[in-house]
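kindly generate the corresponding structure for this input.
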Amino acid sequence: MKAAGAWGPILIVVLMSTAIVATPIPSAPIALAAGAAYGHTLGTIYIVIGAEFGALIAFGLARFLGRDVLARWVGGTLDTGWLGSQNVLTFTVFASRLMPFISFDVVSYAAGLSRLYFWRFGVATLAGIIPASFVLAHLGNEAVSGEPRRAAWAAVGLGALTLTPLVIVAVRDRRRKRVSGD
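Alright, predicted model coming up:
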């Protein structure tokens, strides 16, 4: 991406935004490439900008194209209960951004269908994506460091990041089965 010159950062931002709006496109490889090309700090900044733009676009699309349709479909029950609370919705978006196994794209579209304020969504998303963006940029940077040991640790870190949610779900399911006596 460095070969792209000044267009490289713009390319990363556009690719990250596109990956968020077009759900099937994975964003992790783009984030790893950004870290590999631009390092921890700049890679993180470009990833965050692209992911934030993408999330805001997805939120806006859902809000302006889908909210009215959904409200007509479910009637007046759309914004009742705890799903109508701005604080709960804001915290839910923030917490989901910290969990790599929860679809970033789906959360953005779902939040657009809720009555969460646009500015709250933007702040919660921004605050929540910085840690994961840094981790991915760091792993990408380490993978191309030229030092086999650092690259190996980056691969182990990426594997751990990927496997941790699966292990948590497996442990939780196993505990539930023990409690229920199955």
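
so what's Arg120 closest to, chain neighbours aside?
Thr90 (4.6 Å; CB to CB, 6 or more residues apart in numbering). (Each C-beta comes from the backbone N, C-alpha and C, glycine too.)

next: Thr125.
Ala55 (4.7 Å).

any idea which helix or strand carries that neighbour?
helix 28-61 (DSSP states H and E).

quick check: buried residues in that helix?
28, 30-38, 40, 42-59 (16 or more other CB atoms under 10 Å).

ok, now stretch 11-21?
Buried residues in stretch 11-21 (16+ other CB under 10 Å): Leu11, Ile12, Val13, Leu15, Met16, Ser17, Thr18, Ala19, Ile20, Val21.

ok so, going back, so what's the residue nearest to Thr125 up against?
Ile20, Phe104, Ser108, Phe121, Gly122, Thr125, Ile129 (CB atoms under 8 Å, 6 or more residues apart in numbering).

state the distance from Ala110 to Leu89.
10 Å (CB to CB, to the nearest Å).

and the gap between Gly54 and Val179?
On the measure of CB to CB, Gly54 and Val179 end up 40 Å apart.

with Gly50 instead?
With CB to CB as the criterion, Gly50 and Val179 are 43 Å apart.

swap in Ile57?
Using CB to CB, one gets 43 Å for the distance from Ile57 to Val179.

please apply the same query to Gly122.
40 Å.

and those two? Which one has more around it.
Neighbours were counted for Gly122 and for Val179 using other CB atoms under 10 Å; Gly122 has more, 15 against 8.
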